[in-house]
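**Q** How does the following fold in three dimensions:
(2 chains)
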Amino acid sequence: GAVVSQHPSRVICKSGTSVKIECRSLDFQATTMFWYRQFPKKSLMLMATSNEGSKATYEQGVEKDKFLINHASLTLSTLTVTSAHPEDSSFYICSASPPSAFNEQFFGPGTRLTVL
Amino acid sequence: AQKITQTQPGMFVQEKEAVTLDCTYDTSDPSYGLFWYKQPSSGEMIFLIYQGSYDQQNATEGRYSLNFQKARKSANLVISASQLGDSAMYFCAMREYGGGYQKVTFGTGTKLQVIP
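**A** Sure, this is the predicted structure:
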């Protein structure tokens, strides 16, 4: 299957700082990328859907100004957690889909964010 | 209403036995896809199997098969000949594609433990 990478895999930051997480599709072009958040022992919660060339579509309850998503190219999407607080600590996972491939969704390995 | 419902928070199965993990879904879109993912304690999401809403036959991938009952809106995962390495969280997910907007929703997961 296709490979999706995330960087960094773990990040610890101080409260009030911003953190950028990258999601890259390594061997295919991804017109659609999804960002999820997962709390311990809980399911994945979709935060936003980004389509290359247009703004991300945020799910209800997700603050757009807090979680900035940029689908910079067909192989890169970034999630920036602005002014992070301890309650933002979570496991963030991205997934990417090749064009017109409805049955394919490849996940990155996830990024564990800890805000002190 | 829940889009994806997994009613079994935890399941035990004897090694080498088969096990069925339940999943029901709710959507008004005529075109959708159903996925099952495995998430070990390491956190990565491992794709297991996919079923498209228009697929006539049930999907199979090695020891995994998906019992798709469209009228009942159920997409149960069957794992045959369970192995100790199958112990993990299992998530059912649905991808909807209506009006050009894509959305992926995950169920709450089932924790499967395989007993030697």
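
**Q** Can you give me the neighbour number for residue 18?
**A** No chain was given, so I picked chain A. 12 (other CB atoms under 10 Å in any protein chain shown). Just so you know, the C-beta spots here come from the backbone N, C-alpha and C atoms, and that holds for glycine as well.

**Q** Switch to chain B, please.
**A** Neighbours of B:Ala18 using other CB under 10 Å come to 13.

**Q** Let me know the distance separating the nearest residue to it once chain neighbours are set aside from B:Lys38.
**A** Of all residues beyond its chain neighbours, the one nearest B:Ala18 is B:Ser80 (4.7 Å), with distances taken as CB to CB, 6 or more residues apart in numbering or on different chains. B:Ser80 is 15 Å from B:Lys38, where distance means CB to CB, to the nearest Å.

**Q** for the residue nearest to the spatial centre of chain A, what are its contacts?
**A** Closest to where the C-alpha atoms of chain A average out (CA atoms, centre = their mean) is A:Trp35, at 3.6 Å. Taking CB atoms under 8 Å, 6 or more residues apart in numbering or on different chains as the criterion, A:Trp35 is in contact with A:Cys23, A:Leu46, A:Met47, A:Ala48, A:Ser50, A:Phe67, A:Ile69, A:Ser77, A:Leu79, A:Tyr92, A:Ile93, A:Cys94.

**Q** What does the pLDDT read for A:Ser100?
**A** At A:Ser100, the model reports a pLDDT of 66.

**Q** Revised request: answer the last question for A:Gln105.
**A** 83.

**Q** Low-confidence ranges, the chain, go.
**A** No chain was given, so I picked chain A. Scanning chain A for pLDDT under 70 picks out the ranges A:1, A:100-102.

**Q** you looked at the wrong chain, it should be chain B
**A** B:1, B:98-101.

**Q** B:Asn58: what secondary structure?
**A** coil (DSSP: H, G, I helix; E, B strand; the rest coil).

**Q** ok, for it, nearest residue in space, not its chain neighbours?
**A** Per CB to CB, 6+ apart, closest to B:Asn58 is B:Phe68, 5.2 Å.

**Q** residues contacting that neighbour?
**A** Counting by CB under 8 Å, 6+ apart, B:Phe68 has contacts B:Leu34, B:Gln51, B:Asp55, B:Asn58, B:Ala59, B:Ser74, B:Ala75.

**Q** On the three-state scheme, B:Gly85 is what?
**A** Per three-state DSSP, B:Gly85 ends up helix.

**Q** Tell me how many other residues crowd it.
**A** 9.

**Q** got the contact list for it?
**A** Contacts of B:Gly85 by CB under 8 Å, 6+ apart are B:Val114.

**Q** how close does it get to B:Gly107?
**A** B:Gly85 is 22 Å from B:Gly107, by CB to CB.

**Q** likewise B:Ile115?
**A** 24 Å.

**Q** When the two are compared, which one has more neighbours?
**A** Taking other CB under 10 Å, B:Ile115 and B:Gly107 do not tie; B:Gly107 has more neighbours (26 against 11).
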